[in-house]
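>>> Need coordinates for the following:
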Amino acid sequence: MDSVTKIRKDLEGCIGKTVILRANKGRKRIVVREGILESAYPNLFVVKIANEYDSIRRVSYTYSDVLTSTVEVTICEEEQEENVKIS
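Below you'll find the model as predicted:
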């Protein structure tokens, strides 16, 4: 099993959980967002983000973004108060 397939399987098992995304937008700009992992498709995954203005936004990233460390995904485990980082 290759790395992209492993990342996809890990994320598919976490659908519905809260995640923290840390995305590198280039030129030393890092964006950190918290949302809910909504769905995982064969080539990308979607995270639903609610902001302070009560609008819901969906962002999508590819599994290769995680593989190349452009995006770091941290799964928040509520019951254990422990975070699991997928990379």
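
>>> for Val59, what are its contacts?
21, 33, 35, 46-47, 49 (CB atoms under 8 Å, 6 or more residues apart in numbering). Any C-beta I mention is one placed from the backbone N, CA and C, and that applies to glycine too.

>>> For it, pull up the helix or strand it's in.
Here Val59 sits within strand 56-62, counting by DSSP states H and E.

>>> quick one: buried residues of that strand?
59, 61-62 (16 or more other CB atoms under 10 Å).

>>> that older thread, neighbour-wise, give me the winner out of the contacts of Val59.
Val47 (23 neighbours; other CB atoms under 10 Å).

>>> Surely that one is in a helix?
No. Counting by DSSP: H, G, I helix; E, B strand; the rest coil, Val47 is not found in a helix; it is strand.

>>> show me the contacts for it.
Per CB under 8 Å, 6+ apart, neighbours of Val47: 19, 21, 33, 35-38, 58-61.
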